[in-house]
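S.K.: Quick one, what's the 3D model for this:
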Amino acid sequence: MAQKLTIALVAHDARKPDLASWVRGHESSLAPHSLVATGTTGAMIQAACPSLDIRCLNSGPLGGDQQLGAMIAEGRLDILFFFTDPMTPMPHDVDVKALTRMSVLYDIPMACNRATAEFLITSPHFREGYDRQPTDAVLSTQVPAR
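M.R.: Residues are numbered from 1 along each chain as shown. Purely as a prediction, here's the structure:
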């Protein structure tokens, strides 16, 4: 493994069991990395995979999505696994959209379902690294270092 990644694990309520199952199937691949999750999702994954060390943030509706967005903006998040439920209305849908927007702006790989998660975790970039290319909008607004 070339580098230790910071990986976020998030899921809507109906998808939490699916994410926990997927994480359990990839426990050995995820274990060497720093894992962070929104509160309820993190607790469910921790129960399913007690060997993993997961830093739990607030639950999504209570600010966890914004905490992850801040991590992206600060360059502290490498991959986002966010199993979404497109069939259930979310009261904090604007937070989810903002998190998706941040992932796109900062060129963070984001898996919204099991198929994409499989592609990400089996990619050579997962092991060897990937040089992100933030969008021009991000690059043009960055404040120069002093």
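S.K.: Run through the residues that contact Q133.
M.R.: D107 (C-beta atoms under 8 Å, 6 or more residues apart in numbering). Bear in mind the C-beta positions are built from the backbone N, C-alpha and C, glycine included.
S.K.: Doesn't it lie inside a helix?
M.R.: No - counting by DSSP: H, G, I helix; E, B strand; the rest coil, Q133 is not part of a helix but coil.
S.K.: ok, it to A11 distance?
M.R.: 27 Å (C-beta to C-beta, to the nearest Å).
S.K.: Poorly predicted segments of this structure, please.
M.R.: The chain contains residues with pLDDT under 70 at 1-2, 91-92, 137-146.
S.K.: Determine the longest helix present in it.
M.R.: helix 93-105 (DSSP state H).
S.K.: what helix or strand is S28 on?
M.R.: Per DSSP states H and E: S28 is located in helix 27-30.
S.K.: gap between that helix and the chain center?
M.R.: Relative to the centre of its chain, helix 27-30 is centred 15 Å away, using C-alpha atoms, centre = their mean, to the nearest Å.
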